[in-house]
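J.: Sequence plus predicted model, see below.
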Amino acid sequence: MAEPIYLDHNASTPIDPRVLDTVIRVSRETYANPSSIEHGPGAAANGVVQQARTQVAELIKCRENEILFTSGSTEANNLAIVGSYRDLRDVGRTHFITSVVEHPSVLACFDWLESQGARVTRLGVDQSGQISLDELSSELSDQTGLVSIMAANNETGVLQPFEEAARLCEDIGALFHTDFSQATAYIPLNLRASAIHMASFSGHKAYGPKGVGALYRSIRKPRVKLTPVLLGGGQEAGLRSGTLNTPGIAGLGHACSIIADEQVSDSQRTSALRDQLEAELEARIPLVVNGDKSERLPNSLSVTFDGIAPQALMQKLRSELCFSASSACATEHVETSHVLLAMFGETARARNAFRLGLGRQTTRDEIEKAATYLAYAANLLGQLTSKV
């Protein structure tokens, strides 16, 4: 049987074959601990790590020593948010701001801050899925220590005004962090010209390997002081203990170098395919698009089919198509996504939303087939529902 068409790139991208070759080669050839620089194999492993650090820094335009390797963006988010708390508390900046549509790894960190006595503000979003800069500005004060707003939402693909938010924070002396994981493959980032103080990245959201990521931590504007959240050997400038994942880091670096070369063409091509899919679906089945249609990632399409539960669509198309519902299934109930709830409340539009995420290898033929499959299944399910 043919593999189902993969339209779940927002959840995880397949590793680029060129990157996989690098991971395998480094796994085979560069086996020493990169901290053991006293001997040749260790120095060689350290060289691989430093090359990857350079590749990541070149993509996002920052200094090499501003990159800290982690196990992924969840750990990077924790290091940025939890790790900044002690120093900010000590200088009296105990107010922290985020949005209600952040990734759970960010929301959980803000829950922890609140448990430690910090005052937390969670900004809402409108039906476009975006925060209000006016609301953010009104909440900022000389007690605000850190603001964390994602660059792009993993469920809707909606882009937040993160650069503008960072400048507002800079004006009042607050730190600004963004989870850039979902945007890395498609949205250019120039941290030399930005007011962003910290940014999180993940390999598996950018055609790299799983289990590796990075945190950008500014050392200039000002130098961000962090307390480690993992204790041990003191790797990564003493901020991230644990033996470095040399093959994974090499893969992340190579993935970033490919993005640096191909980001523009990938974005243009993927956007055209996403628009084709949207148009073909609109011509065949009643639907609404969720989120801002201009300020979104070029690969993302969040839609709701009138009266059709996405879980039923997924079950019907299990052999033909891979995509994600915007609701989380538990053993006894379906829980509506916190992102769609924030945008539309407890409505059918929120409950029945699902996400189609295109990728680097998606073809025009796959888009045409996916539209046909979805329209057929939706119409069939609609007919069954009308007879009940």
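T.: It's in.
J.: For the stretch 251-388 of the chain, which segments count as helices?
T.: Ranges of helices within the stretch 251-388 of the chain are 310-316, 338-344, 348-351, 364-387, based on DSSP state H, counting those that start in this stretch.
J.: again with the stretch 101-250 of the chain
T.: With DSSP H, counting those that start in this stretch, the ranges of helices along the stretch 101-250 of the chain come out as 104-115, 133-139, 162-172, 246-282.
J.: hmm, back to that, need the winner for burial among the helices of the stretch 251-388 of the chain.
T.: Of all these, helix 338-344 carries the top mean neighbour count, a mean of 22, counting by mean count of other C-beta atoms under 10 Å. Yep, even glycine has a C-beta here, placed from its N, CA and C like the rest.
J.: Does anything pack onto that helix? Which helices or strands?
T.: The contact analysis (3 or more C-beta pairs under 8 Å, 6 or more residues apart in numbering; DSSP states H and E) places helix 338-344 against helix 348-351.
J.: chain center to stretch 264-277: distance?
T.: From the chain centre to the centre of stretch 264-277 is a distance of 19 Å (C-alpha atoms, centre = their mean, to the nearest Å).
J.: Ala76 is nearest to which of the helices of the stretch 251-388 of the chain?
T.: Among the helices of the stretch 251-388 of the chain, helix 338-344 comes nearest to Ala76, with 20.4 Å by C-beta to C-beta.
J.: Name the residues that touch that closest one?
T.: 100-101, 107, 124-129, 153, 155-156, 290-291, 326, 349-351, 353 (C-beta atoms under 8 Å, 6 or more residues apart in numbering).
J.: Buried subset of those residues, written for ChimeraX?
T.: Here is the ChimeraX command that selects the buried residues among the contacts of helix 338-344 (16 or more other C-beta atoms under 10 Å):
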select :101,107,125,128,129,153,155,156,290,291,326,349,350,351,353
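J.: mind listing which of the contacts of helix 338-344 are in strands?
T.: Residues of the contacts of helix 338-344 located in strands (DSSP state E): Ala353.
J.: follow-up on the earlier one: got a markdown table for the helices of the stretch 101-250 of the chain, with distance to Lys316 too?
T.: Shown next, in a markdown table, are the helices of the stretch 101-250 of the chain (distance: least, C-beta to C-beta, whole Å):
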| stretch | distance to Lys316 |
| --- | --- |
| helix 104-115 | 28 |
| helix 133-139 | 41 |
| helix 162-172 | 37 |
| helix 246-282 | 16 |
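J.: So which of those helices is nearest Ala183?
T.: With C-beta to C-beta as the yardstick, what comes closest out of these is helix 162-172 (8.7 Å).
J.: picking that back up, adding distance to Ala309 and mean pLDDT, write the helices of the stretch 101-250 of the chain out as a markdown table.
T.: Formatted as a markdown table, these follow (distance: least, C-beta to C-beta, whole Å; pLDDT from 0 to 100):
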| stretch | distance to Ala309 | mean pLDDT |
| --- | --- | --- |
| helix 104-115 | 23 | 98 |
| helix 133-139 | 33 | 98 |
| helix 162-172 | 33 | 98 |
| helix 246-282 | 17 | 98 |
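J.: Which among the ones you listed is found nearest to Pro14?
T.: With C-beta to C-beta as the measure, helix 246-282 is the member of the helices of the stretch 101-250 of the chain nearest Pro14 (11.4 Å).
J.: Show me what the closest one is packed against.
T.: helix 17-29, helix 40-60, strand 300-305, helix 364-387.
J.: contacts for the longest one?
T.: The reference is to helix 364-387. 5, 7, 273, 276-277, 280-281, 284-285, 305-309, 312-313, 316-317, 320-321, 356, 358.
J.: thinking again about what came up before, figure out which of the helices of the stretch 251-388 of the chain is closest to Leu175.
T.: helix 338-344 (24.0 Å).
J.: mind checking how far that closest one is from the chain centre?
T.: The chain centroid and the centroid of helix 338-344 are separated by 18 Å under C-alpha atoms, centre = their mean.
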